[in-house]
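Trainee: Sequence and computational prediction follow.
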Amino acid sequence: MNRLYMVRHGRAAAGFAESMDPGLDELGRMQAESVANQLSSLDPMALVTSPLARARQTAMPLARTWQREPKIEPRVGEIPSPPGMRLEDRADWLRTFMQASWSGSGTELLSWREALIAALLAQTRDTVIFSHFVAINAAMGAAMGDDRIGLFSPDNCSVTVFEVTDGTLRLAEKGREFSGTRIR
(Lines give C-alpha, C1' and ligand atoms only; values in the text may rest on other atoms or scores of the structure.)
Protein backbone atom coordinates (compact mmCIF):
# COMPACT_ATOMS: atom_id res chain seq x y z
CA MET A 1 0.00 0.00 0.00
CA ASN A 2 1.13 3.51 -0.74
CA ARG A 3 -0.36 6.87 0.17
CA LEU A 4 -1.08 9.76 -2.17
CA TYR A 5 -1.33 13.22 -0.65
CA MET A 6 -3.28 15.30 -3.19
CA VAL A 7 -2.78 19.00 -2.55
CA ARG A 8 -5.02 21.52 -4.24
CA HIS A 9 -2.91 24.43 -5.46
CA GLY A 10 -2.77 27.72 -3.55
CA ARG A 11 -5.00 30.64 -4.45
CA ALA A 12 -4.38 31.73 -8.03
CA ALA A 13 -3.76 35.31 -9.13
CA ALA A 14 -6.69 35.01 -11.57
CA GLY A 15 -9.88 32.97 -11.78
CA PHE A 16 -10.87 30.12 -14.14
CA ALA A 17 -12.58 32.59 -16.51
CA GLU A 18 -9.76 35.14 -16.37
CA SER A 19 -6.60 33.23 -17.30
CA MET A 20 -5.66 29.82 -18.65
CA ASP A 21 -2.52 29.52 -16.51
CA PRO A 22 -2.20 32.03 -13.69
CA GLY A 23 0.44 31.76 -11.02
CA LEU A 24 -0.24 32.22 -7.32
CA ASP A 25 -1.22 35.50 -5.70
CA GLU A 26 0.35 36.61 -2.40
CA LEU A 27 -2.15 34.62 -0.31
CA GLY A 28 -1.53 31.58 -2.53
CA ARG A 29 2.22 31.83 -1.89
CA MET A 30 1.59 31.97 1.86
CA GLN A 31 -0.74 28.95 1.58
CA ALA A 32 1.99 27.05 -0.31
CA GLU A 33 4.49 27.79 2.48
CA SER A 34 1.94 26.69 5.08
CA VAL A 35 1.16 23.35 3.40
CA ALA A 36 4.89 22.75 2.96
CA ASN A 37 5.35 23.26 6.72
CA GLN A 38 2.44 20.89 7.37
CA LEU A 39 3.81 18.14 5.10
CA SER A 40 7.49 18.60 6.01
CA SER A 41 6.99 16.51 9.15
CA LEU A 42 6.44 13.47 6.92
CA ASP A 43 9.38 11.48 5.61
CA PRO A 44 10.48 12.98 2.27
CA MET A 45 8.69 11.30 -0.62
CA ALA A 46 8.17 11.67 -4.35
CA LEU A 47 6.68 14.95 -5.59
CA VAL A 48 4.42 15.15 -8.64
CA THR A 49 2.81 18.29 -9.99
CA SER A 50 0.43 19.44 -12.67
CA PRO A 51 2.26 21.40 -15.36
CA LEU A 52 0.19 24.52 -14.62
CA ALA A 53 1.95 27.44 -12.91
CA ARG A 54 -0.27 27.56 -9.82
CA ALA A 55 0.38 23.89 -9.01
CA ARG A 56 4.13 24.09 -9.76
CA GLN A 57 4.45 27.20 -7.59
CA THR A 58 2.55 25.47 -4.77
CA ALA A 59 4.99 22.55 -4.95
CA MET A 60 8.14 24.69 -4.72
CA PRO A 61 8.32 25.33 -0.95
CA LEU A 62 8.07 21.61 -0.16
CA ALA A 63 10.49 20.77 -2.99
CA ARG A 64 13.03 23.18 -1.45
CA THR A 65 12.49 21.74 2.04
CA TRP A 66 12.92 18.14 0.90
CA GLN A 67 15.50 19.05 -1.76
CA ARG A 68 13.54 17.14 -4.40
CA GLU A 69 12.60 18.08 -7.94
CA PRO A 70 8.88 17.61 -8.60
CA LYS A 71 8.00 15.44 -11.59
CA ILE A 72 5.68 17.22 -14.03
CA GLU A 73 2.68 14.98 -14.79
CA PRO A 74 0.18 16.39 -17.32
CA ARG A 75 -2.44 13.78 -16.37
CA VAL A 76 -2.96 15.43 -12.95
CA GLY A 77 -3.54 18.82 -14.62
CA GLU A 78 -6.69 20.89 -14.90
CA ILE A 79 -9.77 19.50 -16.60
CA PRO A 80 -9.94 20.72 -20.20
CA SER A 81 -12.78 23.04 -21.09
CA PRO A 82 -14.69 22.30 -24.30
CA PRO A 83 -12.81 23.10 -27.53
CA GLY A 84 -13.38 26.63 -28.79
CA MET A 85 -14.87 27.85 -25.51
CA ARG A 86 -14.20 31.51 -24.80
CA LEU A 87 -12.15 32.17 -21.68
CA GLU A 88 -14.90 34.28 -20.10
CA ASP A 89 -17.42 31.42 -20.46
CA ARG A 90 -15.31 28.85 -18.59
CA ALA A 91 -16.53 29.61 -15.04
CA ASP A 92 -20.22 29.23 -16.00
CA TRP A 93 -19.43 25.99 -17.84
CA LEU A 94 -17.54 24.64 -14.82
CA ARG A 95 -20.35 25.50 -12.36
CA THR A 96 -22.85 23.61 -14.52
CA PHE A 97 -20.42 20.75 -15.17
CA MET A 98 -19.79 20.24 -11.44
CA GLN A 99 -23.51 19.48 -10.96
CA ALA A 100 -23.46 16.62 -13.50
CA SER A 101 -22.18 13.04 -13.52
CA TRP A 102 -19.14 11.54 -15.22
CA SER A 103 -21.26 9.06 -17.15
CA GLY A 104 -22.98 11.96 -18.91
CA SER A 105 -19.89 14.08 -19.46
CA GLY A 106 -18.81 12.88 -22.90
CA THR A 107 -15.92 10.86 -24.28
CA GLU A 108 -13.18 13.52 -24.00
CA LEU A 109 -13.85 14.29 -20.34
CA LEU A 110 -14.25 10.61 -19.44
CA SER A 111 -10.87 9.99 -21.08
CA TRP A 112 -9.36 12.84 -19.05
CA ARG A 113 -10.74 11.27 -15.84
CA GLU A 114 -9.47 7.81 -16.78
CA ALA A 115 -6.00 9.22 -17.52
CA LEU A 116 -5.98 11.03 -14.16
CA ILE A 117 -6.91 7.85 -12.27
CA ALA A 118 -4.30 5.87 -14.23
CA ALA A 119 -1.66 8.44 -13.23
CA LEU A 120 -2.62 8.07 -9.56
CA LEU A 121 -2.63 4.28 -9.68
CA ALA A 122 0.77 4.33 -11.42
CA GLN A 123 2.41 5.80 -8.32
CA THR A 124 4.35 2.98 -6.70
CA ARG A 125 5.40 4.79 -3.53
CA ASP A 126 4.12 7.46 -1.18
CA THR A 127 3.75 10.66 -3.20
CA VAL A 128 2.63 14.25 -2.76
CA ILE A 129 0.65 15.37 -5.84
CA PHE A 130 -0.06 19.07 -6.49
CA SER A 131 -3.24 19.27 -8.53
CA HIS A 132 -6.62 20.94 -9.01
CA PHE A 133 -10.20 21.15 -7.72
CA VAL A 134 -11.85 18.90 -10.34
CA ALA A 135 -8.97 16.41 -10.36
CA ILE A 136 -9.30 15.87 -6.61
CA ASN A 137 -13.06 15.44 -7.01
CA ALA A 138 -12.49 12.92 -9.83
CA ALA A 139 -10.08 10.94 -7.63
CA MET A 140 -12.55 11.01 -4.74
CA GLY A 141 -15.38 9.79 -6.98
CA ALA A 142 -13.22 6.93 -8.26
CA ALA A 143 -12.19 6.00 -4.72
CA MET A 144 -15.78 6.02 -3.48
CA GLY A 145 -17.45 4.52 -6.56
CA ASP A 146 -19.49 7.72 -6.95
CA ASP A 147 -20.34 8.96 -10.48
CA ARG A 148 -21.04 12.56 -9.43
CA ILE A 149 -18.49 15.12 -10.57
CA GLY A 150 -18.76 17.59 -7.69
CA LEU A 151 -18.45 15.73 -4.41
CA PHE A 152 -16.80 18.41 -2.29
CA SER A 153 -14.99 21.74 -2.48
CA PRO A 154 -11.34 21.25 -1.53
CA ASP A 155 -9.89 24.48 -0.16
CA ASN A 156 -6.71 25.96 -1.55
CA CYS A 157 -3.75 23.95 -0.24
CA SER A 158 -5.97 21.39 1.48
CA VAL A 159 -4.59 17.85 1.52
CA THR A 160 -6.78 14.89 0.55
CA VAL A 161 -5.17 11.52 1.24
CA PHE A 162 -5.74 8.38 -0.82
CA GLU A 163 -4.36 4.89 -0.45
CA VAL A 164 -3.49 2.66 -3.39
CA THR A 165 -3.68 -1.06 -2.72
CA ASP A 166 -3.69 -3.76 -5.41
CA GLY A 167 -4.62 -1.30 -8.15
CA THR A 168 -7.48 0.21 -6.16
CA LEU A 169 -7.81 3.81 -5.00
CA ARG A 170 -9.33 4.37 -1.55
CA LEU A 171 -10.09 7.63 0.26
CA ALA A 172 -8.17 7.76 3.54
CA GLU A 173 -8.78 11.39 4.56
CA LYS A 174 -10.86 14.12 2.97
CA GLY A 175 -9.16 17.50 2.75
CA ARG A 176 -10.35 20.75 4.31
CA GLU A 177 -13.34 22.22 2.46
CA PHE A 178 -13.62 25.68 0.96
CA SER A 179 -16.59 27.66 2.24
CA GLY A 180 -16.52 30.52 -0.30
CA THR A 181 -18.02 30.78 -3.75
CA ARG A 182 -15.12 31.63 -6.08
CA ILE A 183 -13.17 28.89 -7.89
CA ARG A 184 -9.51 29.72 -8.58
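Mentor: The structure has been received and is ready for your questions.

Trainee: hey, let's count contacts and neighbours off CA atoms from now on
Mentor: Fine.

Trainee: mind listing what's buried in the helix or strand of the chain with the lowest mean pLDDT?
Mentor: The helix or strand of the chain with the poorest confidence is helix 90-97; it has a mean of 94 (mean pLDDT, DSSP states H and E). Neighbour-count burial for helix 90-97 flags Arg90, Ala91, Leu94, Phe97 (criterion: 16 or more other C-alpha atoms under 10 Å).

Trainee: Take those residues and lay them out in a markdown table including distance to Met45.
Mentor: Output for those, formatted as a markdown table (distance: C-alpha to C-alpha, whole Å):
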| residue | distance to Met45 |
| --- | --- |
| Arg90 | 35 |
| Ala91 | 34 |
| Leu94 | 33 |
| Phe97 | 34 |
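
Trainee: so where is this protein shaky, pLDDT-wise?
Mentor: Residues of the chain meeting the criterion pLDDT under 70: 180-184.

Trainee: right, and out of the buried residues of helix 90-97, which lies closest to Ile149?
Mentor: Of all the buried residues of helix 90-97, Phe97 has the smallest distance to Ile149: 7.5 Å, by C-alpha to C-alpha.

Trainee: For that closest one, which residues are in contact?
Mentor: Residues in contact with Phe97 (C-alpha atoms under 8 Å, 6 or more residues apart in numbering) are Ser105, Ile149.

Trainee: which SS class is the closest residue in space to Val35 that isn't next to it in sequence?
Mentor: Among residues not flanking Val35 along the chain, Cys157 sits closest, at 6.1 Å (C-alpha to C-alpha, 6 or more residues apart in numbering). Classification of Cys157 using DSSP: H, G, I helix; E, B strand; the rest coil returns coil.

Trainee: which helices and strands sit right next to the following helix or strand past the least confident helix or strand of the chain?
Mentor: Sequence order places helix 107-121 as the next helix or strand after helix 90-97, per DSSP states H and E. If you count contacts as 3 or more C-alpha pairs under 8 Å, 6 or more residues apart in numbering; DSSP states H and E, helix 107-121 packs onto helix 133-144.

Trainee: hey, what's Ala12 bridged with?
Mentor: Listed beta-bridge partners, Ala12: Leu24 (assigned using DSSP bridges).

Trainee: I'd guessed it sits against Ala55; true?
Mentor: No - using C-alpha atoms under 8 Å, Ala12 is not in contact with Ala55, being 9.2 Å away.

Trainee: And the two? Which one has more around it.
Mentor: The neighbour count for Ala12 versus Ala55, taken as other C-alpha atoms under 10 Å, is higher for Ala55 (32 against 25).

Trainee: Starting from Ser50, give me the distance back to the residue nearest to Val35.
Mentor: Using C-alpha to C-alpha, to the nearest Å, one obtains 14 Å as the distance from Cys157 to Ser50.

Trainee: Looking only at neighbour counts, state which of these two leads.
Mentor: Cys157 (27 against 23).
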